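Enquirer: return a 3D structure for these sequence lines:
(one chain, ligands or ions: 1)
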Amino acid sequence: MAADSVVDAIKVRMYRHGFGDCFLLSFMAQDRKVYSLMIDCGIKLNTSSETVPPEHMLADLRQQLTPADGDEPQLDALVATHEHWDHIAFFHPDRKWFDDFRIGSVWMGWTEDPDDKEAVQINSRLRKGARALQQAARKLRHNSSKKPAASRSKRETALAAFGDSIADIGEFYGLGLKSDSGISYRQDQKVSGQTQEAMEHICKLAKNSGGGARYLKPGTLVPAADLPAGVRIYVLGPPRDKLLNKSNPSGGDNRETYGEKKPAHFSLDGNGLGGFLQAMSPDQDNDEDNGNPFRKGVGVPVDKMSKDAWFRRTYMDKDQHYRNIDSDWLNIAARLALQLDGAVNNTSLVLAIEIIKTGSVLLFPGDAQVGSWLSWHQHEWTVGSGSRVRKVNAEELLNRTVLYKVSHHGSHNATLKDQGLEMMTHPDLVAMIPEQEKSYNGIIDKDLLKALNQQCRGRVIVSADRHHKPEDLTKQQSAQLTAAEWKRFKQKLHVDKVFVEYTVE
Ligand SMILES: [Zn+2]
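Expert: So this is what the prediction gives:
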């Protein structure tokens, strides 16, 4: 193999268009680009950036990918990590953004494979959950939209706020439940229709270019025939076992992530989910529904109860409040919403990209949460040939990671501690976080950000958060870096209004 075609560096361009992932990776051989890979292109619904309209991102992508002879833009491979709007929004067919791009092949997790029975089952369950969530949001709309905000009772205000938080999660599916007046809901809209259409369009784009889609399984390598010389790509997730369902850290001392040791999260088992889906199922709807969990005719209306001495003494009594179950179904809906969010995040395709010459690893986990990280450690990859065959495990890949694309925008449940970040011991470690302030509750998680800054010794690059600008990052030398390290970091970093680019060697 001629040295001038063996990859010796990868330029990682993170776009600054708001809350969402879009990464362009240019694989370089002696300063010449030999291969381009794009990972995701999305934005959270109903969010935007004041400084970087998405069209500026598209213009840059086109310019980067159009060959010198002026042909249409070319991408060797496209990765769609998982079916959330903030990762795939710009592939929606209505946008027509990438319709003239020539895309070599598309890579997705095995969970998207239409011929995989287990994947089909998982997706049907997730869609049922999304549908239930939409029903819950619709019921809440009845509660919150009838009265003007000023005349709502405490309970009605709480319900409205809760509806907003459900809608917030719905936005990851492009559900668009929320409007200026509260929650809006389009009857008969196909649940998750938007994200599903975007995913299907991605496959169509690849098919039109002749490459088709590859559904990747954990514990394997991306076939060498798909890659330039000098690069290996390890597939770490999504998990093929029950760890797919573990989104949150364990409780107490067993907590796998950063932050205080909190009690374990409630988890909806099959029965709980089933019951909720039944209660929410569309055939039990009627127009006079007032947000109650049960059908009309079941139970006693509140105004009737208040006239009854026995009810006044028992259910209505202040000291007996714990007997009320009025809001319990809402708690279940909230948990379902979060669980659904985590379950889809765990279907993220997780890739570790290795520059063979230097051993440097770039870790792109999508939005993988706790269970996915745990599952990476079950695998071993065989690499090399002849007498140089050897086994590689996740710990070694983490040890050699020099660029970590922070999972799930820096949430509290998507970067492991002992079996994750603490294993990223390479002195050159840099983290990239695609994130915008005030876009999602609890992001960036404070404890995680502290740990990242410690492990990367200040080299944490955030895309669109006003409080963590990459421009500020280059102004003052991190106290933890030597002068030589600081100089090297600045040389490899290119901060532009539309993107931040970092070069890994
Ligand atoms: Zn995301």
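Enquirer: switch to C-alpha atoms for all contacts and neighbour counts from now on
Expert: Noted.
Enquirer: what about this structure, any weak spots by pLDDT?
Expert: Residues of the chain meeting the criterion pLDDT under 70: 1-3, 134, 136-149, 153-193, 261-303, 305, 314-335.
Enquirer: what about the longest strand in it?
Expert: The longest strand of the chain (DSSP state E) is strand 32-41.
Enquirer: give the buried residues for that strand.
Expert: Val34, Tyr35, Ser36, Leu37, Met38, Ile39, Asp40, Cys41 (16 or more other C-alpha atoms under 10 Å).
Enquirer: any idea how far Pro228 is from the third one?
Expert: Shown here: Ser36 relative to Pro228, a distance of 10 Å by C-alpha to C-alpha, to the nearest Å.
Enquirer: break down the protein into its helices, ranges please.
Expert: Secondary structure of the chain (DSSP state H): helices at 54-65, 85-88, 117-145, 154-170, 193-208, 270-280, 302-306, 309-313, 328-345, 370-376, 394-399, 446-455, 470-473, 483-492.
Enquirer: could you pull up the residues touching the spatially most central residue of the chain?
Expert: Geometric centre of the chain, nearest residue: Asp367, 3.5 Å, by C-alpha atoms, centre = their mean. With contacts defined as C-alpha atoms under 8 Å, 6 or more residues apart in numbering, Asp367 is in contact with His82, Asn345, Asn346, Ser348, Ser407, His408, His409, Ala414.
Enquirer: leaving aside the residues adjacent along the chain, what's closest to it?
Expert: Nearest residue to Asp367, sequence neighbours excluded (C-alpha to C-alpha, 6 or more residues apart in numbering): His408, at 4.0 Å.
Enquirer: which helices and strands sit right next to the longest strand of the chain?
Expert: strand 22-29, strand 74-79, helix 85-88 (3 or more C-alpha pairs under 8 Å, 6 or more residues apart in numbering; DSSP states H and E).
Enquirer: among the ones you listed, which is nearest Asp113?
Expert: Closest to Asp113 of these, according to C-alpha to C-alpha: strand 74-79, at 14.0 Å.
Enquirer: now for the closest one, which elements pack on it?
Expert: Looks like strand 74-79 contacts strand 32-41, strand 102-109 (3+ C-alpha pairs under 8 Å, 6+ apart).
Enquirer: can you add distance to Ala206 and give the ones you listed back as CSV?
Expert: What follows is those, written out as CSV (distance: least, C-alpha to C-alpha, whole Å):
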stretch, distance to Ala206
strand 32-41, 13
strand 102-109, 6
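Enquirer: minimum distance to Asp447: which of those strands has it?
Expert: Closest among the helices and strands packed on strand 74-79, using C-alpha to C-alpha: strand 32-41, at 26.6 Å.
Enquirer: touching that closest one from outside, list them.
Expert: Applying C-alpha under 8 Å, 6+ apart, the contact partners of strand 32-41 are 5, 7, 20-28, 65, 75-81, 86-91, 228.
Enquirer: still on that earlier bit, what's the closest of the contacts of Asp367 to His468?
Expert: His409 (13.2 Å).
Enquirer: and the gap between the closest one and Val460?
Expert: In this view, His409 and Val460 are 12 Å apart by C-alpha to C-alpha.
Enquirer: between these two, what contacts are shared?
Expert: In contact with both His409 and Val460: Ile433, using C-alpha under 8 Å, 6+ apart.
Enquirer: nearest spatial neighbour of Lys469, skipping sequence neighbours?
Expert: Spatial nearest neighbour of Lys469, excluding adjacent residues (C-alpha to C-alpha, 6+ apart): Val462 at 6.5 Å.
Enquirer: wait, doesn't the one you found sit right on Pro470?
Expert: Yes: in terms of C-alpha atoms under 8 Å, Val462 counts as a neighbour of Pro470; the distance is 6.3 Å.
Enquirer: check the burial of Asp428 by counting its neighbours.
Expert: 19 (other C-alpha atoms under 10 Å).
Enquirer: check contacts around it.
Expert: Counting by C-alpha under 8 Å, 6+ apart, Asp428 has contacts Val402, Cys456.
Enquirer: what of Gly211?
Expert: Counting by C-alpha under 8 Å, 6+ apart, Gly211 makes contact with Ile103, Gly104, Ser105, Val106.
Enquirer: check the gap between His92 and Met199 for me.
Expert: 8 Å.
Enquirer: what about Tyr258, how many neighbours?
Expert: 22.
Enquirer: Gln491 now?
Expert: Gln491 is flanked by 11 other residues according to other C-alpha under 10 Å.
Enquirer: what does Leu416 give?
Expert: So Leu416, with other C-alpha under 10 Å, has 24 neighbours.
Enquirer: which residues touch it?
Expert: Contacts for Leu416 (C-alpha under 8 Å, 6+ apart) come out as Glu256, Thr257, Tyr258, Val370, Trp373.
Enquirer: farthest pair in those?
Expert: Tyr258 and Trp373 (13.9 Å).
Enquirer: what's near enough to touch Asp465?
Expert: Glu435, Gln436, Glu437 are the contacts of Asp465 under C-alpha under 8 Å, 6+ apart.
Enquirer: between these, which has the most around it?
Expert: Glu435 leads the contacts of Asp465 on contacts (other C-alpha under 10 Å) with 27 neighbours.
Enquirer: ok, for it, nearest residue in space, not its chain neighbours?
Expert: Per C-alpha to C-alpha, 6+ apart, closest to Glu435 is Phe19, 4.7 Å.
Enquirer: Leu351 pairs with what?
Expert: Val235, Phe364 (DSSP bridges).
Enquirer: hmm, Val235 and it touching each other?
Expert: Yes: between Leu351 and Val235 a contact is recorded at 5.0 Å, counting by C-alpha under 8 Å.
Enquirer: about what we covered before: turn the contacts of Asp367 into JSON lines, including distance to Cys203 and neighbour count.
Expert: Listed next are those as JSON lines, based on distance: C-alpha to C-alpha, whole Å; neighbours: other C-alpha atoms under 10 Å:
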{"residue": "His82", "distance to Cys203": "13", "neighbour count": "27"}
{"residue": "Asn345", "distance to Cys203": "20", "neighbour count": "28"}
{"residue": "Asn346", "distance to Cys203": "21", "neighbour count": "31"}
{"residue": "Ser348", "distance to Cys203": "16", "neighbour count": "32"}
{"residue": "Ser407", "distance to Cys203": "24", "neighbour count": "25"}
{"residue": "His408", "distance to Cys203": "24", "neighbour count": "25"}
{"residue": "His409", "distance to Cys203": "25", "neighbour count": "25"}
{"residue": "Ala414", "distance to Cys203": "27", "neighbour count": "31"}
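Enquirer: pick the one among those closest to Leu243.
Expert: Nearest member of the contacts of Asp367 to Leu243, counting by C-alpha to C-alpha, is Asn346, at 8.7 Å.
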